[in-house]
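Student: Next comes the sequence, and after it the predicted model I'd like to discuss.
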Amino acid sequence: MTIDKLLREGKLHQFKATHDEIEKPLEIPERDLSVAEKIFEENLDWSFSITYNAILQACRAYMFFSGYHPATSEMHKTVFEFMEVMTEEPHKEMIAYFDRARRKRHKTLYNEVGLVSREEVLELLKQARTFITEMGKRLRT
C-alpha cells in the first residue's frame, strides 16, 4: 500500500489543515484515556473501545498534520493503512497492534460482550499512552 494508491482508490484526500484542525484532535486522546482509565474497573469492553478511540484520534491528527484526510467510507481502516505507510520501521509493529485492536473493538462494539480481557485493556492503555505522548511531541514541535 502507498499514499498514491490510497489517493487513487479515494480512501484518502489531500487536506491543508489549520493549526486548530491538528490541535483539536490532539485534545481528544487525553480526554479519552482519562475516561478509559476511570471506567476500567466497571467495563472492560468500553475501556478498550475508548482507548482505541484515543489512538484513532491521535492518528487522525497525524494525518491532518501530514496533509491528508480519510474518506468517510472505511475511515478507521484507512487511518491505519495510512499509518502503516507513514510509520518508520521500528514503530510498524505498534501500528499493526493498533490495527488488530481496531478489529477487536469492532467485534466488541457490535457482536460480542466480554471479548477483551483485563490484561488486554491494560496493555492497550499502556501502548496508547506511549503512542499518544509521542504523537503529541511530534505534532506540537
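Tutor: Structure received. Numbering: from 1, shown residues only.
Student: Show me the shaky parts of the protein.
Tutor: 141 (pLDDT under 70).
Student: Now do the spatially closest residue to Arg118 that is not a sequence neighbour against Asn53, distance only.
Tutor: Excluding the flanking residues, the one nearest Arg118 by C-beta to C-beta, 6 or more residues apart in numbering is Leu44, at 6.2 Å. All C-beta atoms are positioned from the backbone trio N, CA, C, and that covers glycine. Using C-beta to C-beta, to the nearest Å, we find Leu44 at a distance of 15 Å from Asn53.
Student: Please enumerate the helices of this protein.
Tutor: Assignment of helices within the chain using DSSP state H yields the ranges 3-8, 19-39, 44-66, 75-86, 92-110, 118-139.
Student: Which of the ones you listed has the highest mean neighbour count?
Tutor: Ranked by mean neighbour count under mean count of other C-beta atoms under 10 Å, the helices of the chain are led by helix 44-66, which reaches a mean of 23.
Student: on contacts alone, who are the packing partners of that one?
Tutor: With contacts taken as 3 or more C-beta pairs under 8 Å, 6 or more residues apart in numbering; DSSP states H and E, helix 44-66 sits against helix 19-39, strand 68-70, helix 75-86, helix 92-110, helix 118-139.
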